[in-house]
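Undergrad: Structure for the following, please:
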Amino acid sequence: MKNVLQPPAHKPLIDEGKIDKTYKQMRWKVFLGAFIGYAAYYLVRKNLSLAAPGMIEEGLLDKAGLGIACSAISIAYAFSKFIMGSISDRSDARKFLVVGLILSSLLLIGVGLIPYSAASITQNVVIIFVLMLLVGWLSGMGWPPCGRIMAHWFSQNERSFKMSVWNTSHTVGSGSLGLLVIAGVAIFSLLGIEQTWRSAFIVPSVVALLIAGVCWWLIRDTPQSCGLPSIDTYRNDFSGKKSAKGEELKIPFKRLFVDYIFKNKILWLIAFGNAFVYLIRYGISDWAPVYLQEMDIMNEEQSSLAFSLHNYAGIPGTIICGWISAKFFKGRCAPANVIYMLLVLLGILLYWQALPAATWITNTFGSDPVSTYHAVVYVALCEIGFCIYGPVALIGVQALNLVPKNAAGTAAGFVGLSGYLVGDAVLAKIVMGAVAQSSGWNVTFWMFIVAGVLGTVLCATTWKKEKHNETVFIL
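TA: Next up is the predicted model:
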């Protein structure tokens, strides 16, 4: 496998007169490949949640078993993103992304074809849990090669904006998954297949396989493998971390992790900050339907709409956050992150105190109380969604900027490990569920407030460091 995934060798430089035109074409291609490739990974990650209602109705799963099965993805993905990140630093980004996507798609098709037994829910949970662990592990092959692509094809002073645009791919993928499942159910119904829930696994996976082929055509590992100069040379931008002995020098994993990850205090601060950002990201998003319905704020349809609006609001929010970083702060991420996290705090307060806010608006303007209440909730969730995904994207950019290019995947994986394992799996799912059950929703909002404050402070700690990000690494 190591030889199969190894990066292609550098090619001799092409004619100087062709470099600019070729570079521009290739940058568009690799960016598009990374965008649709990562979006496709979200076509083969959240399928169980959409198939679950049908499986529960048939007695193949119950809610408790579903929760256990879903947790497997977050846990496996947290570790995989870190470990796969270190492997991707020594691998061809094109092969790495495409292989992971193909394996994930084939596995999900298998999940959709298994003849589950209604006689043993426990057996079904065990089977699905193991398979979801594998899905989560393979999902970790999506982000690291994209991080490698961004580090090698886009220089630091433009990377924050480009990556903020790219980072919207997961929202595009998640939204497309829902549409593909609707189409899949219609197709299965026309074919006379009664268990239409299986389409949630099979149809999106088939589409992901097709996208894998497109990504193979679009993506190339590095400019040098295409006979082009490095991105730093091409754009005359040497502001990022770099190796004094060549970008492609292979570093032993132990040295890479100890010297450039474990001993990197700023990277640790970013990782801790990422955990709190992810607590808000998934704590708000995943629990919104439950909270809104349990508190009789909205019905099922309205809460689903609120969930969708919250996520889609992240698309313009992420792009604008990256634009602010590039336009006003010369690619520095900390200032934009701090601004956005402060706005997130305001959104959380509005979400928490939506009823008093709606009451004031109703008394002042004489509007309908129920409609006003719903409108305030929609606005609050959209505001949080608009703002939280900016820091999610730019913290990943910071991880790339603070290490040499040949440690980019490992750094991204390390920061992602903190976000998904601590922030998502532990805090946003396990801890929040227990707190909401035992102490009520008000305490969970206090968790969000504390997380917002700590996330803002930790993002601010890198403010000065980014101003002096000119250190040359001697490897």
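Undergrad: so how far is the helix or strand that contains G385 off the chain centroid?
TA: Assigned by DSSP states H and E, G385 belongs to helix 369-401. Taking Cα atoms, centre = their mean, to the nearest Å, one finds helix 369-401 lying 14 Å from the centre of the chain it belongs to.
Undergrad: C-terminal to it, what's the next element?
TA: Counting by DSSP H and E, the element after helix 369-401 in chain order, helix or strand, is helix 408-417.
Undergrad: quick one on the thing from earlier: in the helix holding G385, which residues are buried?
TA: Using 16 or more other Cβ atoms under 10 Å as the test for burial, helix 369-401 gives 372-401. All C-beta spots, glycine's among them, are computed from the backbone N, C-alpha and C.
Undergrad: Was I right to think Q123 contacts S117?
TA: Yes - between Q123 and S117 there is a contact under Cβ atoms under 8 Å: 6.4 Å.
Undergrad: Using the three-state scheme, assign V344.
TA: Put simply, V344 is helix when judged by DSSP: H, G, I helix; E, B strand; the rest coil.
Undergrad: what sits against it?
TA: 280, 384, 387-388, 391, 452 (Cβ atoms under 8 Å, 6 or more residues apart in numbering).
Undergrad: next helix or strand past the host helix or strand of N311?
TA: Using DSSP H and E, N311 sits in helix 300-312. Later in the chain than helix 300-312, the nearest helix or strand by DSSP H and E is helix 314-328.
Undergrad: From the chain's centroid, how far away is that following helix?
TA: Helix 314-328 sits 16 Å away from the centroid of its parent chain (Cα atoms, centre = their mean).
Undergrad: Same check on stretch 215-227?
TA: The answer for stretch 215-227 is 23 Å, by Cα atoms, centre = their mean.
Undergrad: How many neighbouring residues does V4 have?
TA: By other Cβ atoms under 10 Å, 9 other residues sit near V4.
Undergrad: Could you confirm it falls within a strand?
TA: No - V4 is assigned helix when assessed by three-state DSSP, not a strand.
Undergrad: Domain-wise, how is the chain divided?
TA: Following automatic domain parsing, the chain resolves into domains at 1-238, 244-475.
Undergrad: Export the ones you listed as TSV, with columns for mean pLDDT.
TA: Shown next, in TSV, are those (pLDDT from 0 to 100):
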stretch	mean pLDDT
domain 1-238	86
domain 244-475	82
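Undergrad: Which members of the contacts of V344 define the maximum pairwise distance?
TA: Distance extremes for these: the farthest pair is I384 and P391 at 11.7 Å, using Cβ to Cβ.
Undergrad: circling back to that earlier point, can I get the contacts of V344 in TSV with distance to K18?
TA: Shown next, in TSV, are those (distance: Cβ to Cβ, whole Å):
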residue	distance to K18
I280	47
I384	47
C387	43
I388	43
P391	40
G452	50
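Undergrad: thinking again about what came up before, quick one: the helix holding N311 to helix 369-401, angle?
TA: Helix 300-312 and helix 369-401 are oriented at 30 degrees to each other (axes from the mean of the first three to the mean of the last three Cα atoms, to 10 degrees).
Undergrad: counting contacts, what elements does helix 300-312 pack onto?
TA: Identification of packing neighbours for helix 300-312 by 3 or more Cβ pairs under 8 Å, 6 or more residues apart in numbering; DSSP states H and E yields helix 169-190, helix 265-294, helix 369-401.
Undergrad: Show me what counts as buried in stretch 183-194.
TA: Applying a neighbour-count criterion of 16+ other Cβ under 10 Å, one finds 184-185, 188 buried in stretch 183-194.
Undergrad: I should have written stretch 439-458 there, sorry.
TA: For stretch 439-458, burial by neighbour count (16+ other Cβ under 10 Å) applies to 441, 444-445, 447-448, 451-452, 454-456, 458.
Undergrad: Which residues does stretch 29-43 contact?
TA: If you take Cβ under 8 Å, 6+ apart as the criterion, stretch 29-43 is touched by 94, 97-98, 100-101, 104, 139, 142-143, 145-146, 149-150, 153-154, 162, 165-166, 169-170, 172-174, 176-177, 180, 204-205, 207-208, 211-212, 214-215, 217-220.
Undergrad: tell me the contacts of the closest residue to W352 other than its chain neighbours?
TA: Distances taken as Cβ to Cβ, 6 or more residues apart in numbering place F445 nearest to W352, at 4.4 Å, with adjacent residues excluded. Contact analysis of F445 by Cβ under 8 Å, 6+ apart lists 348, 351-352.
Undergrad: Tell me the one among those nearest to R235.
TA: For the contacts of F445, the minimum distance to R235 (Cβ to Cβ) is 38.9 Å, reached by I348.
Undergrad: Let me see the contact set for the one residue sitting closest to the centre of the chain.
TA: Central residue of the chain (Cα atoms, centre = their mean): H170, 6.0 Å from the mean position. By Cβ under 8 Å, 6+ apart, H170 lies in contact with 38-39, 41-42.
Undergrad: cool, and T461?
TA: Contact analysis of T461 by Cβ under 8 Å, 6+ apart lists 266, 269, 273, 334.
Undergrad: Tell me if I'm right that C215 and V98 touch.
TA: Yes - using Cβ under 8 Å, C215 is in contact with V98, at 5.4 Å.
Undergrad: Would you write out the ChimeraX command that picks the buried residues out of the contacts of T461?
TA: Buried residues among the contacts of T461 (16+ other Cβ under 10 Å), as a ChimeraX selection:
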select :266,269,273,334
